[in-house]
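> Any chance you could fold what I've pasted below:
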Amino acid sequence: GSNSTLEICNWNIEWFGKTGTYGPTNDVLQQQNVLQTIKNADIDIWGFCEVSEFSAFDSMMKKLPDYEYKLSPYFTEKKTAFIPFFYYWRHY
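The predicted structure follows:
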């Protein structure tokens, strides 16, 4: 990321929070990896595909106080999330 440009990233996080046949084998590791990537990348606006477990996603987002999020109301298992950096959310 850069302070002089607006960066936007899209990431299919594949069945986020849903362990089992379709999801990851380790939900905790998946959440840690996504969280660390968000923190390290310094991207201003994120778009995520395949958020499958709201509580896992909400728990992760509580660890990112500089970001807010909106989760799409459609699809029951694979939702899309929009995560703007707090500064842009409030000022643009």
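> rest of the way, CA atoms for contacts and neighbours
Noted.
> Least confident secondary structure element in the chain?
helix 86-91 (a mean of 51; mean pLDDT, DSSP states H and E).
> give me the low-pLDDT residue ranges for this structure?
In the predicted model of the chain, residues 1, 86-92 satisfy pLDDT under 70.
> which secondary structure elements does the longest strand seen in it contact?
When the chain is parsed with DSSP state E, its longest strand is strand 8-16. In terms of contacts (3 or more CA pairs under 8 Å, 6 or more residues apart in numbering; DSSP states H and E), strand 8-16 is packed against helix 27-41, strand 45-51.
> Tell me the strands beside that strand, with direction?
Strand 8-16 has the following strand partners under DSSP bridges: strand 45-51 (parallel).
> Can I get the helix or strand following the partner strand in CSV, CA atoms only?
Counting by DSSP states H and E, the element after strand 45-51 in chain order, helix or strand, is helix 54-61. Extracted C-alpha coordinates of helix 54-61, given in CSV (Å, rounded to 0.1, in the frame of the first residue of the first chain):
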residue,chain,number,x,y,z
PHE,A,54,-20.5,-14.9,9.5
SER,A,55,-19.3,-15.4,13.1
ALA,A,56,-15.7,-16.3,12.1
PHE,A,57,-15.6,-13.3,9.7
ASP,A,58,-17.0,-10.9,12.4
SER,A,59,-14.5,-12.3,15.0
MET,A,60,-11.6,-11.6,12.6
MET,A,61,-12.8,-8.1,11.7
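> Check which residues of helix 54-61 are buried.
For helix 54-61, burial by neighbour count (16 or more other CA atoms under 10 Å) applies to 54, 56-57, 61.
> immediately after that helix, which helix or strand?
Using DSSP H and E, the first helix or strand after helix 54-61 is strand 70-71.
> I figured residue 45 hits residue 11, correct?
No - if you go by CA atoms under 8 Å, residue 45 and residue 11 don't touch, sitting 11.2 Å apart.
> These two: which is more packed in?
residue 45 (19 against 13; other CA atoms under 10 Å).
> Could you measure from the more buried one over to residue 70?
Between residue 45 and residue 70 the computed distance is 12 Å (CA to CA, to the nearest Å).
> Sweet, I'm off.
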